[in-house]
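Visitor: pasting the sequence and the predicted model now:
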Amino acid sequence: MKKQKIVLIVGARPNFMKSAPLMRELLSNKKSFDTKLIHTGQHYDHALSQLFFDELKMAKPDIYLGVGSGSHAEQTAKIMIELEKSFTEIKPDLVMVFGDINSTLAAAIVAAKMCIKLAHVEAGLRSFDHTMPEEINRIVTDRLSNYLFVSEESGLINLKNEGVPESKIFYTGNIMIDSLVSNLEVASHSTILERLSLEPENYITMTMHRPANVDSEETLKELFKSITEISKEIPIVFPCHPRTKKRLEDFGIKNNDDSHGIKVIEPLGYLDFLKLQSKSKCVLTDSGGVQEETTFLQIPCITMRKNTERPSTVDIGSNLVIGVDPKVIQDTTLDSVRGNAKVGSIPKLWDGNTAGRIVDIMKTNL
Ligand code: UD1
Ligand code: UDP
């Protein structure tokens, strides 16, 4: 059988932990696959990119596009222009994309127009909220994909409802959990709690970077106020995404005397962040991936969003999606801290073996 040329596309923080296990699996199948990695450079800060390559022991990308930040159209277009050149040179048989970021969308469009087969890992997730840029990216990417690897059961239902033929859909489980499972032991040795003077199970981990929460001055001020109130009862550690950091500066929102319990810190590496999550009393977030990781770790999660594209984390996991009303956030979080947290279980095939299942399918289907 002819060796298949596969190109994996990554661009931003949540792509790295999704691609690392698959890259490893593909590289250990050198007889069947010739695999290359392209990093678009959508995220470029050391703490959002290179640190993950180091910690996840990923090889240097074969191609780094260095595209950087910009408006949605600018960023997506620049990635498309560069990827068209790369695909023309490499002539891949298959392009693989992950999640829902602009790099995912750009690669999907270029591959489809060049008649290159496309595989989407984490297909089928839907928030049904078209104001979320990621929702547009998910819909278009799934529509163009030939292989749709689904992480949770809602994805199967959504794709069926959209008329995607069953022959293209594969329930392979959650690849982000592969990285979590294989790094949890190493992460347990992280000294992040000591470095931040935190006691296990006596602090909240928080992340917040969704444009809907941080790009409006009024919303961000209100959110910060309610977080400040919570921090009077329990310390909050907030590894701050650069988008949010910039907005806090733009809007003059400061960590004043009232908020002495909020530790605003630089984004953490994967291992420190896993350790921080795993020892939290609860996690407050608007991240997609963090809802899943807390579900697996069975740590109470409170999601500051009106919806989630990951409903299994709510239906059977430990996640509460409560919207962005500051009073509701404050009351729900303090209720959780005082011991009334939701206990959950782990969705099917979130077991650390998703990459292996994907590669097995590719061996028989490509
Ligand atoms: C992107 C994804 C989002 C994902 C998030 C993960 C899209 C549409 N959004 O959002 O789904 O949840 O990554 O973290 O693809 N910046 C830096 N340094 C960097 C990267 C960005 O300072 O290395 C700043 C720039 O000011 C930039 C802003 O962050 O304009 C936003 O970056 P961008 O990649 O456009 O979107 P994210 O908010 O990071
Ligand atoms: N993460 C991290 N350091 C941080 C915050 C998050 O390593 O300071 C990891 C987290 O463990 C998860 C991923 O980043 O694996 C989630 O990415 P993010 O929240 O940026 O994006 P989303 O999932 O919302 O698209």
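Guide: Here it is on my side, so go on. Numbers count the residues shown, from 1 in each chain. Ligands and ions are numbered 1, 2, ... in the order given.
Visitor: up against ligand 2, what does the chain have?
Guide: Taking Cβ under 6 Å from any ligand atom as the criterion, the chain approaches ligand 2 at residues 13-14, 17, 207, 239, 267-268, 270, 273, 287-290, 293. For every residue, glycine as well, the C-beta is placed using N, CA and C.
Visitor: how does it look with 5 Å?
Guide: R13, P14, M17, P239, P267, L268, Y270, F273, S287, G288, G289 (Cβ under 5 Å from any ligand atom).
Visitor: does the fourth one touch T207 like I think?
Guide: Right, P239. Yes. Using Cβ atoms under 8 Å as the test, P239 is close enough to T207 to be in contact (6.4 Å).
Visitor: anything in contact with each of these two?
Guide: With contacts defined as Cβ atoms under 8 Å, 6 or more residues apart in numbering, no residue is adjacent to both P239 and T207.
Visitor: got the buried residues for stretch 50-58?
Guide: Q50, L51, F52, F53, E55, L56, M58 (16 or more other Cβ atoms under 10 Å).
Visitor: so, low pLDDT: which residues of the protein?
Guide: Along the chain, the model assigns pLDDT under 70 to residues 256-260.
Visitor: if you count residues, where's the longest helix of it?
Guide: Across the chain, the longest stretch assigned as helix under DSSP state H is helix 72-90.
Visitor: export that one as CSV, just CAs?
Guide: Extracted C-alpha coordinates of helix 72-90, given in CSV (Å, rounded to 0.1, in the frame of the first residue of the first chain):
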residue,chain,number,x,y,z
HIS,A,72,-10.7,37.4,11.8
ALA,A,73,-10.6,38.1,8.1
GLU,A,74,-6.9,39.2,8.1
GLN,A,75,-5.8,36.2,10.2
THR,A,76,-7.8,33.6,8.4
ALA,A,77,-6.8,35.0,4.9
LYS,A,78,-3.1,35.1,5.8
ILE,A,79,-3.2,31.5,7.0
MET,A,80,-5.0,30.5,3.8
ILE,A,81,-2.5,32.2,1.5
GLU,A,82,0.5,30.5,3.3
LEU,A,83,-1.2,27.1,3.5
GLU,A,84,-2.0,27.0,-0.2
LYS,A,85,1.7,27.4,-0.9
SER,A,86,2.6,24.7,1.7
PHE,A,87,0.0,22.2,0.4
THR,A,88,1.1,22.8,-3.3
GLU,A,89,4.6,21.9,-2.3
ILE,A,90,3.8,18.9,0.0
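Visitor: who's in contact with it?
Guide: With Cβ under 8 Å, 6+ apart as the contact definition, helix 72-90 has outside contacts at 5, 7, 9, 11, 36, 38, 40, 42, 63, 65, 67-70, 95, 102-103, 105-107, 109-111, 114, 116, 133.
Visitor: select only the buried ones of those residues in PyMOL?
Guide: Restricted to buried positions by 16+ other Cβ under 10 Å, the PyMOL selection for the contacts of helix 72-90 reads:
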select buried, resi 5+7+9+11+36+38+40+42+63+65+67+95+102+103+105+106+107+109+110+111+116+133
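Visitor: in helices, which of the buried residues of stretch 50-58 fall?
Guide: Cross-referencing the buried residues of stretch 50-58 with the helices (criterion: DSSP H) gives Q50, L51, F52, F53, E55 as the overlap.
Visitor: and of those, the nearest to E152?
Guide: Distances from these to E152 were compared by Cβ to Cβ; the smallest belongs to F52, at 23.2 Å.
Visitor: for the closest one, which non-adjacent residue is closest in space?
Guide: Nearest in space to F52, with sequence neighbours left out and distances taken as Cβ to Cβ, 6 or more residues apart in numbering, is F16 at 3.9 Å.
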